[in-house]
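Undergrad: Let me see the structure of the following:
(one chain, ligands or ions: 1)
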Amino acid sequence: MSDSDAPVFDEAHIGETPLVELDVDVPATVYAKVEWLNLYGAPYGGGSIKSRIAKGMLDGAEERGDLTPEKTVIEPTSGNTGSEIARLASARGYDVEIVMPDNASGGKIGAVEDAGAEIHFVDADLGYDAVIERCEELIAADPDRYYRPNQYENPDNPGTHERTTAPEIWDQTGGEVTHFVAGAGTGGTVTGTGRGLHERGDVTVVGFEPAEALHAIDGLKYLRTGDHYHPETYDESVLDERVYVGTDDAYDRARELRERYQDDEVPIVDTGQYDESTVRDELRVDGQFVVGTSSGGGVQAVHELHAESGLSADDTIVIVLCDRGDKYADIPLWEDYLASDAA
Ligand SMILES: Cc1ncc(COP(=O)(O)O)c(C=O)c1O
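TA: Model prediction:
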């Protein structure tokens with residue numbers, strides 16, 4: 001068991017995240033789930049969409065008896081799943097090892113380190129599949145020592161979204177949601193939430209993926225050609241439509257949102273489990289509305305959807321703001337903005 005003095009995060013602050021309305025230049029209403037309110041109060045840009053599945057996968061493994069106190073939890077991740085597993089598993093008393101590309105953002109690395117987890121860095125130039133392979137090598141060398149939640153294969157990943165994210169979106173929109181749009185990394189968000197929304201009503205589920213193999217949209221996986229590892233958690237039969245998003249467009253959309261809400265408040269549709277002033281404070285970083293890279297991708301995906309299928313004023317679209325932009329202060333998306341605004 002870990003003797004780290006990592007802070008104990010309140011798992012009650014996972015799920016029931018706020019819904020806000022975004023001004024997107026399409027003829028439809030666009031809402032967004034603000035997932036960085038998960039693990040409210042956590043440093044390094046708060047929690048993320050991955051707080052949900054970290055809890056769901058650890059709960060499932062403990063219930064099944066797959067995860068027992070002497071095990072070390074290990075996971076390959078580009079960052080968000082790693083930080084959330086590190087935070088929750090360390091707080092539950094487990095040793096944790098995280099395998100990450102060496103270009104992961106400083107905020108994500110800091111969150112893993114602060115949780116007291118060990119990090120194995122892999123040369124980012126080798127591609128993301130090399131991160132997964134390194135994790136598999138570590139487990140093969142000492143199989144009894146490790147428990148790997150394996151977000152790429154674990155049914156608790158989409159299952160958590162089916163149980164939590166989908167009913168929240170349905171209830172918060174009063175059943176008016178017509179489209180759900182989410183990016184695919186493991187595909188857990190779009191698969192699980194998509195299934196849960198299909199069970200409830202006539203909702204078009206739209207998955208988006210990076211357009212370029214060498215993209216820089218954090219958390220998303222290039223799957224356009226068949227020579228890449230395809231996550232089992234990504235059930236493409238759930239998708240009604242699929243669009244592709246370029247990195248430059250995703251970054252431009254994120255910057256557009258920041259400019260749009262420079263002076264205006266972001267309208268809050270539902271505060272989730274938080275009070276309104278907490279949500280207002282959490283929506284901004286030093287007064288700026290800065291979202292993460294895949295959130296900008298979500299806005300661009302709505303534009304791509306409109307270009308391909310034509311949206312109307314009757315449509316109500318929900319996208320996901322997976323994490324907050326200050327996690328990306330050291331990458332090209334926000335480094336200039338945050339540096340100059342802080343000055
Ligand atoms: C910031 C961010 N956005 C989107 C995703 C994709 O979510 P999913 O793995 O559920 O497809 C991830 C996954 O790591 C992420 O970290």
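Undergrad: and the stretch 101-250 of the chain, which residues reach the ligand?
TA: Residues of the stretch 101-250 of the chain found near the ligand (Cβ under 6 Å from any ligand atom) are Gly183, Ala184, Gly185, Thr186, Gly187, Gly188, Thr189, Asp218, Gly219, Leu220. C-beta coordinates here come from the backbone N, C-alpha and C atoms, glycine included.
Undergrad: Now for the first one, how many residues are close by?
TA: When you say that, I think you mean Gly183. 30 (other Cβ atoms under 10 Å).
Undergrad: now it: how far from Thr189?
TA: Gly183 sits 8 Å away from Thr189, going by Cβ to Cβ, to the nearest Å.
Undergrad: Quickly list what's touching both of those two.
TA: With contacts defined as Cβ atoms under 8 Å, 6 or more residues apart in numbering, the residues shared by Gly183 and Thr189 are Val320, Cys322.
Undergrad: need the strands for the stretch 151-300 of the chain, in chain order.
TA: Secondary structure of the stretch 151-300 of the chain by DSSP state E, counting those that start in this stretch: the strands cover 179-183, 204-210, 241-245, 268-270.
Undergrad: Out of those strands, which is the most enclosed?
TA: Comparing the strands of the stretch 151-300 of the chain by mean neighbour count (mean count of other Cβ atoms under 10 Å), strand 179-183 comes out on top with a mean of 27.
Undergrad: helices and strands around that one, which ones?
TA: In terms of contacts (3 or more Cβ pairs under 8 Å, 6 or more residues apart in numbering; DSSP states H and E), strand 179-183 is packed against helix 188-200, strand 204-210, helix 293-309, strand 316-321.
Undergrad: List the contacts of Gly187.
TA: Gly187 neighbours (Cβ under 8 Å, 6+ apart): Pro158, Gly207, Pro231, Thr233, Tyr234, Asp235, Glu236.
Undergrad: Including mean pLDDT, could the strands of the stretch 151-300 of the chain go into TSV?
TA: TSV is the format used below for these (pLDDT from 0 to 100):
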stretch	mean pLDDT
strand 179-183	98
strand 204-210	98
strand 241-245	98
strand 268-270	98
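Undergrad: Can you lay out those as JSON lines showing distance to Asp330?
TA: Shown next, in JSON lines, are the strands of the stretch 151-300 of the chain (distance: least, Cβ to Cβ, whole Å):
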{"stretch": "strand 179-183", "distance to Asp330": "21"}
{"stretch": "strand 204-210", "distance to Asp330": "20"}
{"stretch": "strand 241-245", "distance to Asp330": "22"}
{"stretch": "strand 268-270", "distance to Asp330": "29"}
